[in-house]
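Asks: dropping the sequence and predicted coords here.
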Amino acid sequence: MRRMSDQALLQVSFGEWDEYLDNGAPSVKRKPGDTLTGHLSVGLVCDSETVSRPLWHRQPVPQSPHVEAVVEIIQIMADDAVLAASSLQEEAMLIAFESGVPYAVGERILIQGELKWNEDI
């Protein structure tokens, strides 16, 4: 997926719930160049730690939605989910952990997880 604001290329996971594809089959709903509206989130976060670094992100595994990022917590949603500021998008994004975490608003944390695209419906 290419981000419209700066044309950065991001590898994301994206589920098309009303289309089933066999491995390698072309989609009848989406094609290269289509514009989608939505937002990013990070899920399946099992590794995280408090850090004092600037916001950043990288995707070190080629062709994978795996992402490593420093984010700043702006709201606690549940014991295993927060809204955070990031370098991935201008809006706050949901970060979902695999278990409860003890972080507080204002903390910066280094996370590793799966970058997901959530289409606006």
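Replies: Okay, I see it. Numbering: from 1, shown residues only.
Asks: which stretches of this protein form strands?
Replies: Per DSSP state E, the chain carries strands over the ranges 38-50, 56-58, 66-78, 81-85, 93-97, 108-119.
Asks: can you show me the CA trace of the last one as CSV?
Replies: Pointing back at strand 108-119 there. Extracted in CSV, the C-alpha atoms of strand 108-119 (Å, rounded to 0.1, in the frame of the first residue of the first chain):
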residue,chain,number,x,y,z
ARG,A,108,6.7,6.4,24.6
ILE,A,109,7.0,2.8,23.9
LEU,A,110,8.8,0.6,21.4
ILE,A,111,6.4,-2.0,19.9
GLN,A,112,6.7,-4.9,17.5
GLY,A,113,3.5,-6.1,15.9
GLU,A,114,1.4,-6.5,12.7
LEU,A,115,0.6,-3.3,10.7
LYS,A,116,-3.1,-3.6,9.6
TRP,A,117,-5.2,-1.6,7.2
ASN,A,118,-8.8,-1.0,8.4
GLU,A,119,-11.0,0.3,5.6
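Asks: tilt between that strand and strand 93-97?
Replies: Orientation check (axes from the mean of the first three to the mean of the last three Cα atoms, to 10 degrees): strand 108-119 against strand 93-97 gives 110 degrees.
Asks: distance between strand 108-119 and the chain's centre?
Replies: Chain-centre distance of strand 108-119: 3 Å, with Cα atoms, centre = their mean, to the nearest Å.
Asks: cool, and the shortest one?
Replies: Here the centre of mass of C-alpha atoms in strand 56-58, compared against the chain's by Cα atoms, centre = their mean, lies 11 Å away.
Asks: repeat that for the third one.
Replies: Going by Cα atoms, centre = their mean, the spacing between the C-alpha centre of strand 66-78 and its chain's C-alpha centre is 9 Å.
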